[in-house]
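**Q** no sequence on this one, just coordinates:
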């Protein structure tokens with residue numbers, strides 16, 4: 001298990017005269033669970049509006065009907081959820097719904 005803290009870019013701006021780029025930063029932190037160097041799950045919280053909480057459980061952790069699934073959840077600051085599932089055989093593609 002690993003724990004990390006840092007910042008995410010909240011908003012990017014480019015000065016039209018100088019071309020200088022600046023970013024507003026938002027605090028973030030995460031917990032990452034791995035097994036033998038393979039990421040199994042992570043939980044990430046941040047000050048971003050569109051991603052207050054992100055949870056990922058990667059394929060290989062959830063077994064159902066002889067298949068190995070993964071799942072994800074994104075919760076915004078407005079408490080609007082997005083959820084989905086993926087499968088190792090779908091080549092990175094998944095199915096999700098959002099409110």
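**A** Cool, got the structure. Here the structure is a predicted model, which is why all the values come from computation and not from measurement.

**Q** strand partners (parallel or antiparallel) of the lowest-mean-pLDDT helix or strand in the chain?
**A** Each helix and strand of the chain was given a mean pLDDT (mean pLDDT, DSSP states H and E); the minimum falls on strand 94-98 at a mean of 73. Strand pairing for strand 94-98, using DSSP bridges, gives strand 81-87 (antiparallel).

**Q** let me see the mean pLDDT of the strand it pairs with.
**A** Regarding strand 81-87, the rounded mean pLDDT is 88.

**Q** tell me who's in contact with the residue nearest the centre of the chain.
**A** When the chain is reduced to its mean C-alpha position, the closest residue under Cα atoms, centre = their mean turns out to be residue 54, at 4.5 Å. Counting by Cβ atoms under 8 Å, 6 or more residues apart in numbering, residue 54 touches 42-46, 72-75. All C-beta spots, glycine's among them, are computed from the backbone N, C-alpha and C.

**Q** restricted to strands, list these.
**A** In strands, defined here by DSSP state E, the members of the contacts of residue 54 are 42-46, 72-75.

**Q** wait, which of these is closest to residue 22?
**A** Of all the ones in strands among the contacts of residue 54, residue 46 has the smallest distance to residue 22: 19.1 Å, by Cβ to Cβ.

**Q** what's the neighbour count on residue 40?
**A** When neighbours are defined as other Cβ atoms under 10 Å, residue 40 has 17 of them.

**Q** same question but for residue 35, I mixed them up
**A** 10.

**Q** what's stretch 37-52 in contact with?
**A** So stretch 37-52 is in contact with 8, 10, 26-34, 53-58, 60-61, 74-78, going by Cβ under 8 Å, 6+ apart.
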